[in-house]
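Chemist: sequence plus predicted model, see below.
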Amino acid sequence: MKQDHADRGLTVWHKLDRVLARIRPRRQPLSLVIDGLVIALCWNITYLFRLGFERWISARPSYDPYVMVGVVAVYLLAFLLGGIPRGMWRFSGFEEVKRLTIACLGAGAACAVMVSMARLAEVPRAVLALHPFIALMGVCVVRIAYRMLYEHARSRITGSDVEVRRAIVMGAGEAAKRLLATIHQQGWIVLGLLDDDKAKQGGRIGGVQVLGSLADVAREDVRAGATHVIVALPGATAAQRRRAVDLASTVGLPVLTVPSASELQNGRAHIERVRSIEPEDLLGREPVVLDEPGIAELISGKTVLVTGAGGSIGSELCRQVARYGPSRMVLFELSELALYQIEQSLSEAYPHLQLIRLIGDVKSPQQIEHACMTYRPQIIFHAAAYKHVPLMEEENAWVALRNNALGTWHAANAAARCGAERFVLISTDKAVNPTNVMGASKRAAEMLISHLAAQTFSTQFVAVRFGNVLGSSGSVIPKFKEQIAKGGPLTVTHPDIVRYFMTIPEAAQLVLQAAALADSGQVYVLDMGEPVKIVDLARDLIRLSGHGEGEIPIVFTGLRPGEKLFEEVLADQDATVASRHPRLRIAKLQTQVDPDWTSRLLSWLNGIEVGESSLSQRRTLQEFIPEYRPSGSRSAAQ
């Protein structure tokens, strides 16, 4: 096949490294062959030193070739016993020279003894005495020359002294072609391509051969010399990408991927910028299909306020909202750093979007009401919440209740008073039959907005529930990555614990979709797909980081306060009804909220004091939320 532009862009050093990488798995027999040739050459050089140019061939005994073969055999046996062939020439140093010295001197002494015992008197004794030293210099020079060549090639390829990265690329389509056109400029060498399309197998793209199918990544001869596996299938289905990642994770090499199709479409990544495999690549779910016109009609040209705008969900909501052209966005956030970061991100991506940046606390009715009355948002997304279950269970129960429940009441009332069209509460699966304070506080928030929805306000009040979000602050994934970087162990609370997961962009998109569809008082439930076993997720991350089984241990620490083994099934058809979107269902809530309940709850929430016992707070909360059962009073496995 004709070489294309990508191949012409490769330097001789890239091509040399590719050849060396291919033969590297056979380095031990090659090392013996090269050392044997060097030892034979040094035998002849020793004769040259001893006899001179005129006589170095003619004055040798007729049996000298047989002696030379025997000498080479003795040296190679000594090298094998000393483990010399296992050494990696590109890392040769003092230790390697020391082993070579011992092997050469030992082999030379053995050869001298054997020649003497065989009464081969015509072999010059000076040759037997000098040869070990000349052979030592020869094998050392070969290794030093190889290391110099390798380091020079590495510096020409990578532009620094970092190791050259060699990859097997899974996928031989347009993405692989574009990847090959630029990746070598980043210090990469692509050794081969893999693709299930039989028409491509055996061909070449950018000078790189298609070596076989995706499953062939498991063959040692295919991945010989590779340091990484790159999955380049952005246009494949989620299930196909997941299969490729599963195949790659079995080979014991770090696995990278090109950005997905959705990342490329959003302009958040470029095809040549490979990244680590993220847990969302393992979910195997198709991208969310949105009602783009409906969402645009909801948001375009309007003022949108997001509380908790700098949080994991809040910041992604801001980015998704900004795509639909609001007239301005009000960023309401308690953390100065988080507010600064989301403001910088939005300013860079949407320079013409007007941003109002407010440091504020939803626990303060004055602050949230001032924001709403001053800027008159038509749409409010309420993402401000404390969500870490164990942290909110004991010492911080009071602040979880005030922030998650009372803060929601303040924000929702402010929305009603300023005449907002829609108020959307970001809720959680933990509000379903809650066993912890965090979940119960979010269920209380849902009930409070249900009370407001029954009033005569023009504002529509909606709640959206979803489960664990991959990569959000405080979630298990960043913790696992940090533990892997430290060499382990990975801590998992229980071998049987399972959770529903979705990605942050997926959750934010479905929140917008629910906001566009919902009627006042409805609680929408996101389809979270299949539950994921946390210990399996931990094992996947260990394998994808290039570590083998047992290299990084997993330790089980026991369930934490308020934690369940299994979260409730979010999209259970008995508990929900279908909506106009296949990934959204509407919860059928049985609890009726009466005004007396609301006034008593608000009175209690306003009266909670910092020093009050968390046990008494949980008992009182149980009176207001009938389905709340603290983890100590019923099995957390339920």
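Modeler: Alright, I've got the coordinates. On a predicted model such as this, the values are computed, not experimentally measured, just so you know.

Chemist: contacts and neighbour counts: CA atoms only from here.
Modeler: Fine.

Chemist: in a helix, Val229, correct?
Modeler: No. Assigned with DSSP: H, G, I helix; E, B strand; the rest coil, Val229 falls outside any helix and is strand.

Chemist: burial measure for it, as a count.
Modeler: Using other CA atoms under 10 Å, Val229 has 26 neighbouring residues.

Chemist: likewise for Thr237?
Modeler: 16.

Chemist: pLDDT score assigned to it?
Modeler: Thr237 carries a pLDDT value of 77.

Chemist: please report how far it lies from Pro85.
Modeler: Here the distance between Thr237 and Pro85 works out to 46 Å (CA to CA, to the nearest Å).

Chemist: what's the domain layout of this protein?
Modeler: Domain segmentation of the chain under automatic domain parsing yields 21-157, 165-277, 292-624.

Chemist: endpoints of the shortest one, how far apart?
Modeler: Its first and final residues considered, domain 165-277 spans 17 Å by CA to CA.

Chemist: cool, and the last one?
Modeler: Between the opening and closing residues of domain 292-624 lies a distance of 39 Å (CA to CA).

Chemist: what residues are up against Ala538?
Modeler: Ala538 makes contacts with Phe480, Leu490, Ile554, as judged by CA atoms under 8 Å, 6 or more residues apart in numbering.

Chemist: out of these, who's the most crowded?
Modeler: Neighbour counts for the contacts of Ala538, by other CA under 10 Å, peak at Leu490, which reaches 22 neighbours.

Chemist: pLDDT score for the residue lying closest to that one once chain neighbours are set aside?
Modeler: Of all residues not flanking Leu490 in the chain, Ile554 sits nearest, at 4.7 Å (CA to CA, 6 or more residues apart in numbering). Here, the pLDDT recorded for Ile554 equals 89.

Chemist: got phi/psi on Ile554?
Modeler: Per-residue torsions, Ile554: phi -110, psi 130 (degrees, to the nearest 10).

Chemist: next: Ala383.
Modeler: Backbone torsions of Ala383, given as degrees, to the nearest 10, read phi -110, psi 0.

Chemist: distance check, it against Ala309.
Modeler: For Ala383, the distance to Ala309 (CA to CA) stands at 7 Å.

Chemist: okay, the two: which has more neighbours?
Modeler: Legend: neighbour count by other CA under 10 Å for Ala383 and Ala309, higher for Ala309 (31 against 25).

Chemist: let me see the confidence value for that one.
Modeler: Per-residue confidence (pLDDT) for Ala309: 94.

Chemist: residues contacting it?
Modeler: Ala309 is in contact with Ser315, Leu317, Cys318, Leu331, Phe332, Glu333, Ala338, Leu339, Ile342, Ala383, Ala384, counting by CA under 8 Å, 6+ apart.

Chemist: just the buried subset of those, written out for PyMOL, thanks.
Modeler: Buried members of the contacts of Ala309, defined by 16 or more other CA atoms under 10 Å, are picked up in PyMOL with:
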select buried, resi 315+317+318+331+332+333+338+339+342+383+384
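
Chemist: how about the contacts of Ala309 in TSV, adding distance to Leu526, secondary structure and pLDDT?
Modeler: TSV is the format used below for these (distance: CA to CA, whole Å; DSSP: H, G, I helix; E, B strand; the rest coil; pLDDT from 0 to 100):
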residue	distance to Leu526	secondary structure	pLDDT
Ser315	19	helix	92
Leu317	15	helix	92
Cys318	19	helix	94
Leu331	25	strand	97
Phe332	25	strand	97
Glu333	25	strand	96
Ala338	26	helix	94
Leu339	27	helix	96
Ile342	25	helix	95
Ala383	16	coil	94
Ala384	19	coil	94
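
Chemist: just the helices from the stretch 301-450 of the chain, written as ranges.
Modeler: 312-322, 336-349, 365-375, 389-393, 397-400, 407-418, 437-453 (DSSP state H, counting those that start in this stretch).

Chemist: ok, which of those helices comes nearest Arg143?
Modeler: Arg143 sits nearest to helix 336-349 of all those, at 51.1 Å, using CA to CA.

Chemist: what residues does that closest one touch?
Modeler: Contacts for helix 336-349 (CA under 8 Å, 6+ apart): 309-311, 315, 318-319, 322, 331-333, 353, 355, 357, 359.

Chemist: neighbours of Leu81, how many?
Modeler: Around Leu81 there are 11 other residues, counting by other CA under 10 Å.

Chemist: mind checking how far it is from Val141?
Modeler: Using CA to CA, we find Leu81 at a distance of 21 Å from Val141.

Chemist: Serialize the helices of the stretch 301-450 of the chain to JSON lines and add fields for distance to Ser58.
Modeler: Below are the helices of the stretch 301-450 of the chain laid out as JSON lines (distance: least, CA to CA, whole Å):
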{"stretch": "helix 312-322", "distance to Ser58": "84"}
{"stretch": "helix 336-349", "distance to Ser58": "81"}
{"stretch": "helix 365-375", "distance to Ser58": "103"}
{"stretch": "helix 389-393", "distance to Ser58": "89"}
{"stretch": "helix 397-400", "distance to Ser58": "97"}
{"stretch": "helix 407-418", "distance to Ser58": "102"}
{"stretch": "helix 437-453", "distance to Ser58": "95"}
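
Chemist: mean pLDDT for the ones you listed: which is lowest?
Modeler: Per-segment mean pLDDT for the helices of the stretch 301-450 of the chain reaches its minimum on helix 389-393, at a mean of 85.
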